[in-house]
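Participant: sequence? don't have it. structure:
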């Protein structure tokens, strides 16, 4: 009984603190014992708009849904991580990744970043660092759990290197990575996603439907050499131009749509040893990303958002 009273008291304190910001607080649901309010979702959507400015073009209902899903997914990851890591310990990678984060936004230093966050009415610097810490620790967990299951065929990679052309195409790629849940029909889900791309654009659809970690960034993968891609993906990308997206491709038990945002040619000569290490790193990351999605899908049943 005393425990219930204490929990209720703490909840009231949280709500009073948040009401001081002038918000009408509504409890949306809980992940485990963590309460999510409309105020929390609003901060998350402001953050996501920084990562993908196109979100501002959506109606409030869709933006709210994207923010709610993003926040609940993060809390699910944190709940899982608390089984393995001590969040009070400093992470040696955090400061460098934090600097890379604000520099990618075109900001020179932490003071500029603080002003930027204040203008956009989103998280504080410490809260951003906490979010980055969750992603760092999640990647560490996936590596520790699954790195021994990663399989790299060096002979196959060397064959690929030997067949490479002097001039290599590079693509700036965005993705929508999805799977079928429970009794979902593939054709119906494909139609829903393709219709969404036509309606609200590729980046916003990635925010809404993609299960990849790139979804927060509107599906952005970054620049990828054509030689790092599988033959199936290369063939599909050769069929489309800049600004267009591929058809739905099956990748194992999952499905992917790729968009070419830009492309360029490179004739930079790299020695075979360096190129092999580059390809191995790419393949390892690709496989670990698949394990990351698989692991998250497995644990989310235990921590899924209980909506009010």
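Facilitator: Happy to help now that I have it. Owing to the predicted nature of the structure, the values given are computational and were not obtained by experimental measurement.

Participant: got the contact list for residue 117?
Facilitator: Counting by C-beta atoms under 8 Å, 6 or more residues apart in numbering, residue 117 touches 123, 124, 125, 128. C-beta coordinates here come from the backbone N, C-alpha and C atoms, glycine included.

Participant: so the first one sits in a strand?
Facilitator: No: according to DSSP: H, G, I helix; E, B strand; the rest coil, residue 123 belongs to no strand; its state is coil.

Participant: that one: neighbouring residues, count only.
Facilitator: When counting by other C-beta atoms under 10 Å, one arrives at 17 neighbours for residue 123.

Participant: so which elements touch the strand or helix carrying residue 138?
Facilitator: Taking DSSP states H and E as the definition, residue 138 sits inside helix 125-146. Where contact means 3 or more C-beta pairs under 8 Å, 6 or more residues apart in numbering; DSSP states H and E, helix 125-146 is packed against helix 60-81, helix 94-104, helix 110-119, helix 272-303.

Participant: who does the first one touch, helix- and strand-wise?
Facilitator: Packing partners of helix 60-81 (3+ C-beta pairs under 8 Å, 6+ apart): strand 27-31, strand 34-37, helix 38-51, helix 125-146, helix 202-209, helix 272-303.

Participant: any buried residues in that helix, and which?
Facilitator: 62-64, 66-81 (16 or more other C-beta atoms under 10 Å).

Participant: the contacts of residue 117: which two are farthest apart?
Facilitator: The largest separation in the contacts of residue 117, counting by C-beta to C-beta, is between 123 and 125 at 8.0 Å.

Participant: show me which strand runs longest in the chain.
Facilitator: Taking residue count as the measure and DSSP state E as the definition, the longest strand of the chain comes out as strand 254-266.

Participant: low pLDDT regions in the stretch 101-250 of the chain?
Facilitator: Low-confidence regions of the stretch 101-250 of the chain, defined by pLDDT under 70, are absent; no residue qualifies.

Participant: spatially central residue for this structure, please.
Facilitator: Using C-alpha atoms, centre = their mean, the residue of the chain that lies closest to the mean C-alpha position is residue 213, 2.0 Å off.

Participant: thought it was touching residue 290?
Facilitator: No: using C-beta atoms under 8 Å, residue 213 is not in contact with residue 290; the gap is 11.6 Å.

Participant: for residue 143, give its distance to residue 149.
Facilitator: Distance from residue 143 to residue 149, counting by C-beta to C-beta, to the nearest Å: 11 Å.

Participant: equivalent analysis for residue 298, please.
Facilitator: Counting by C-beta to C-beta, the gap from residue 298 to residue 149 is 14 Å.

Participant: for residue 306, report the pLDDT, please.
Facilitator: Residue 306 is assigned a predicted lDDT (pLDDT) of 69.

Participant: sorry, back to before: can you put the helices and strands packed on helix 125-146 in TSV and add distance to residue 159?
Facilitator: Shown next, in TSV, are the helices and strands packed on helix 125-146 (distance: least, C-beta to C-beta, whole Å):
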stretch	distance to residue 159
helix 60-81	37
helix 94-104	34
helix 110-119	45
helix 272-303	11
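
Participant: figure out which of these is closest to residue 187.
Facilitator: Comparing the helices and strands packed on helix 125-146 against residue 187 with C-beta to C-beta, the closest turns out to be helix 272-303 (21.4 Å).

Participant: what's the closest of the helices and strands packed on helix 125-146 to residue 225?
Facilitator: With C-beta to C-beta, the closest approach to residue 225 among the helices and strands packed on helix 125-146 belongs to helix 272-303: 8.4 Å.

Participant: next, the buried residues of that closest one.
Facilitator: Under the neighbour-count criterion of 16+ other C-beta under 10 Å, helix 272-303 has 275-276, 278-279, 282-283, 287-293, 295-296, 300, 303 buried.

Participant: got it, and stretch 165-178?
Facilitator: Here stretch 165-178 shows 168, 169, 170, 171, 172, 173, 174, 175, 176, 177, 178 as buried, counting by 16+ other C-beta under 10 Å.

Participant: residues near the residue lying closest to the first one once chain neighbours are set aside, how many?
Facilitator: Closest residue to residue 168 apart from its sequence neighbours, by C-beta to C-beta, 6 or more residues apart in numbering: residue 266 at 5.0 Å. Each residue near residue 266 was counted by other C-beta under 10 Å, and the total is 14.

Participant: now do residue 244
Facilitator: For residue 244, the number of neighbouring residues by other C-beta under 10 Å comes to 12.

Participant: before we move on, what about residue 220?
Facilitator: Applying other C-beta under 10 Å, we find 18 other residues in the vicinity of residue 220.

Participant: surely it touches residue 214?
Facilitator: Yes: proximity of residue 220 to residue 214 meets the contact threshold set by C-beta under 8 Å, at 5.7 Å.

Participant: so what sits against both of those two?
Facilitator: With contacts taken as C-beta under 8 Å, 6+ apart, the residues that reach both residue 220 and residue 214 are residue 174.

Participant: with that, I have no additional questions.
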